[in-house]
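Participant: Fold the stuff below for me.
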Amino acid sequence: VEDGHGHAEQAKLVLQVTDEGRGLPRAVSTALTEGRYDQKDSPRGLGIRVIRDLVQRLGGLVVVTNASEGERGSCIIVTLPLGGRNAAARC
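Facilitator: Below you'll find the model as predicted:
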């Protein structure tokens, strides 16, 4: 939990998941972060779309980074605002 560090910035919950696997396919990364993807390479199932939509409705952000060329792994960071009078209305 980040408290906004005494500024006008709202407190937020930051979730980070890192792995050392093959990394996320570009289509999945794009679907999570931008909400668009090429139909032929589209992620299967509803999971990616549900995560993206829930995070957006809660006023949050998803950031995905893949390891550099020749390295392995991915990092997904989900940031969600905490509190505020409109938080319940967004759910």
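
Participant: So residue 59 belongs to a strand, correct?
Facilitator: No. Using DSSP: H, G, I helix; E, B strand; the rest coil, the assignment for residue 59 is coil, not a strand.

Participant: shouldn't it be in contact with residue 81?
Facilitator: Yes. Between residue 59 and residue 81 there is a contact under C-beta atoms under 8 Å: 5.0 Å. To be clear about C-beta, it is placed using only N, CA and C from the backbone, and glycine gets the same treatment.

Participant: Looking at those two, which one has more neighbours?
Facilitator: Residue environment comparison for residue 59 versus residue 81 gives the larger neighbour count to residue 81, 18 against 15, counting by other C-beta atoms under 10 Å.

Participant: Quick check: beta-bridge partners of the more buried one?
Facilitator: residue 12 (DSSP bridges).

Participant: quick one: it from residue 68, how far?
Facilitator: 31 Å (C-beta to C-beta, to the nearest Å).

Participant: Any idea which residue is closest to the centre of this protein?
Facilitator: Nearest to the mean C-alpha position of the chain, by C-alpha atoms, centre = their mean, lies residue 62 at 2.0 Å.

Participant: show me what contacts that one?
Facilitator: The neighbourhood of residue 62, defined by C-beta atoms under 8 Å, 6 or more residues apart in numbering, consists of 32-33, 51-52, 55, 76-78.

Participant: Buried members of these into PyMOL, please.
Facilitator: In PyMOL syntax, the buried subset of the contacts of residue 62 is picked out as below (16 or more other C-beta atoms under 10 Å):
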select buried, resi 32+52+55+76+78
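
Participant: Mind checking which of the contacts of residue 62 are in strands?
Facilitator: Filtering the contacts of residue 62 for membership in strands, criterion DSSP state E, returns 76-78.

Participant: Tell me which other helices or strands the helix or strand that contains residue 27 touches.
Facilitator: Remark: residue 27 resides in helix 26-33, with elements defined by DSSP states H and E. In terms of contacts (3 or more C-beta pairs under 8 Å, 6 or more residues apart in numbering; DSSP states H and E), helix 26-33 is packed against helix 47-57, strand 61-66.
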